[in-house]
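>>> any chance you could fold what I've pasted below:
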Amino acid sequence: MPPLPPAAGIRLSELAIQVGATVVGDGDVRVHSVATLEHAGPGTIAFLANPKYRARLAMTHAAAVIVTPAFADVTPLPKLVHRNPYATYAKVAAILHPVAAAQPGVDRSAVVAASAAIDASAVIGPLATLGARARVGAHAVIGAGCAIGEDAEIGDGAILHPHVIVYPNCVIGARTIVHAGAVLGADGFGMAEEEGRWLKIPQLGRVVVGADCEIGANTTIDRGAIGDTIIEDDVKLDNQIQIGHNCTIGAHTAIAGCVGIAGSTSIGRNCKIGGAAMIAGHLEIADGTIVSAATGVFDSLLEAGVYTATFPALPHRKWRHVASEVRRLRALAERVATLERALAARDAES
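Predicted coordinates:
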């Protein structure tokens, strides 16, 4: 949204109260929008969360900044001081850039089954479709072109951006945000092989998404084969993630873009999965585990920690040399083992 006129801003002291920060400097300074340190101008507030950008703090033209106590004396600018400046910035941004409220009602082009139940405060956008007995809660927003299947449930305050598909019987929890193009509840990849051909296994479960989740654009979550695929409360999923049938993603876990998770894998609470990680099926990942970007996980991770299975980028010529040496490791290990046995035999004779 375009920045508000400076006169319409909010005093720094008022912001501090709302976000739980401490004001250092002139609390009467008004700010109307957020900005990065390098692009900030009059009336804006910027933040420093990463110390490597400290030099930008001295050059910023922001009206105020958000910093940790360690950087409170680095700049003379008015500031909000908090031990977690990034989270403070998130709260400030939400205050200064509120989402415009949609007008309740059902667009005339929407197709809604007679048995669907829609709260009077909900919004149903153009060309959306709601199947029989679908339920949409208070203040929920169903964007243009969304398709909500039979007996699906959309919780209070949930927001579905345009062209989200929610298959029959699936559940989206309160205040969850689903971005454009996401598909929740398509059949899982369940096939049985017989005499060289594949038999489709009926996928009878649901996708159940908890409250306060966010699901990125074009992410797909498959329905369970018999039980449900479960996304617990406050899970954050980036764009273009694939989650297979009967997975469970524990509360407060964050997963970056292009991750693939095969069926029946259980990921614990408060995990962080880096972009493009590939996780095999029928595994367990412990609470609090961090998986680095592009890591392949083929066995359960039963102890919390940081797991990395990718080789850092090198100039191509060096990478070829390293790859060549890696291919020789098995032969080298066998030679070392042979030498160890020979030395042990000689020591035994002496």
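>>> correct me, but residue 234 touches residue 249?
No. Using C-beta atoms under 8 Å, residue 234 is not in contact with residue 249, being 10.5 Å away. Every C-beta, even on glycine, is put in place using the N, C-alpha and C of the backbone.
>>> these two: which is more packed in?
Comparing residue 234 with residue 249 by other C-beta atoms under 10 Å, the one with more neighbours is residue 249, at 30 against 20.
>>> how much space separates that one from residue 59?
According to C-beta to C-beta, to the nearest Å, residue 249 stands 42 Å off from residue 59.
>>> do residue 219 as well
38 Å.
>>> the two: which is more packed in?
Neighbours were counted for residue 219 and for residue 59 using other C-beta under 10 Å; residue 219 has more, 24 against 9.
>>> burial check on the nearest residue to that one once chain neighbours are set aside, number of neighbours?
Among residues not flanking residue 219 along the chain, residue 241 sits closest, at 4.4 Å (C-beta to C-beta, 6 or more residues apart in numbering). Neighbouring residues of residue 241 were enumerated by other C-beta under 10 Å; the total is 24.
>>> residue 241 and residue 254 touch, don't they?
No. Counting by C-beta under 8 Å, residue 241 does not reach residue 254; the two are 11.0 Å apart.
>>> and residue 347, backbone torsions?
Here is the backbone geometry of residue 347 (degrees, to the nearest 10): phi -60, psi -40.
>>> count of residues packed around it?
Residues lying near residue 347 (other C-beta under 10 Å) number 8.
>>> now do residue 204
If we define neighbours as other C-beta under 10 Å, then residue 204 has 14 of them.
>>> pretty sure it is touching residue 245, no?
No. Between residue 204 and residue 245 there is no contact under C-beta under 8 Å: 10.1 Å.
>>> shared neighbours, the two?
Taking C-beta atoms under 8 Å, 6 or more residues apart in numbering as the criterion, residue 204 and residue 245 both touch 224, 225.
>>> any low-confidence regions in the stretch 101-250 of the chain?
In the prediction, the stretch 101-250 of the chain carries no residues with pLDDT under 70.
>>> which parts of it are helices?
Using DSSP state H, counting those that start in this stretch, no helices are assigned anywhere in the stretch 101-250 of the chain.
>>> buried residues of stretch 188-196, list them for me.
188, 190 (16 or more other C-beta atoms under 10 Å).
>>> chain center to that stretch, what's the gap?
Relative to the mean C-alpha coordinate of its chain, stretch 188-196 is positioned 32 Å out (C-alpha atoms, centre = their mean, to the nearest Å).
>>> touching it from outside, list them.
Residues external to stretch 188-196 that are found in contact with it (C-beta under 8 Å, 6+ apart): 198-203, 222-225, 229, 244-246, 263.
>>> now the end-to-end length of that stretch.
Across stretch 188-196, the terminal residues are separated by 21 Å (C-alpha to C-alpha, to the nearest Å).
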